[in-house]
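1. got a predicted structure plus its sequence, pasted below:
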Amino acid sequence: MATKTKRVNLNIRKGDNVRVIKGKDTGKEGKVLRTSPESNRVTVEKVNIVKKAMRPTQANPQGGISSIEAPLHASNVMLICPACKKPTRVGHRIEDGKKHRVCKKCGKDID
């Protein structure tokens, strides 16, 4: 019997700059390439590189071993505020019926 996963609202979006705070790549920074709210994971550029064996295909006739970015759990990364350039938690503010992400350190809007 399959377990039902709970969809989580991520405070991190595609294109955000983040810093890794846990794991083998602690301290590295990069841009978010993909988010997966269903599994609460994010894929960050040039972080959590793993080797993957590739079968020969028409697009890649040689096959071989390639390096790809594997997803990280969203709790292991922290958003970097574009204004103060520091890793920060994300707050929310509602203005004119729209929800805005806000930096908890400097109080400025993130997007």
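-> Perfect, I can see it now. Residues are numbered from 1 along each chain as shown.
2. in the chain, where's the longest strand?
-> strand 29-36 (DSSP state E).
3. would you map the helices across this structure?
-> Under the criterion DSSP state H, the chain contains no helices.
4. tell me where it is predicted with low confidence.
-> The model of the chain has pLDDT under 70 over residues 1-5.
5. and the residue most central in space within it, what does it touch?
-> The structure's the chain has its C-alpha centroid closest to residue 42; by CA atoms, centre = their mean the separation is 3.3 Å. Contact criterion CB atoms under 8 Å, 6 or more residues apart in numbering gives 10, 12, 18, 32, 34-36, 71-72, 74, 77 as the residues in contact with residue 42. Heads up, the C-betas are built off the backbone N, CA and C, glycines and all.
6. need these in a markdown table with distance to residue 100, can you?
-> Putting the contacts of residue 42 into a markdown table (distance: CB to CB, whole Å) gives the following:
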| residue | distance to residue 100 |
| --- | --- |
| 10 | 16 |
| 12 | 15 |
| 18 | 19 |
| 32 | 18 |
| 34 | 23 |
| 35 | 18 |
| 36 | 23 |
| 71 | 27 |
| 72 | 25 |
| 74 | 20 |
| 77 | 21 |
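7. max pairwise distance over those: which two?
-> For the contacts of residue 42, with distances taken as CB to CB, the pair at the greatest spread is 18 and 36 (14.5 Å).
8. quick one: which of the two has more around it?
-> residue 18 (23 against 13; other CB atoms under 10 Å).
9. so what's that one bridging to?
-> Each beta-bridge partner of residue 18 is listed here, defined by DSSP bridges: residue 30, residue 79.
10. show me what contacts it?
-> With contact set as CB under 8 Å, 6+ apart, residue 18 has these partners: 12, 29-32, 42, 44, 77-80, 87.
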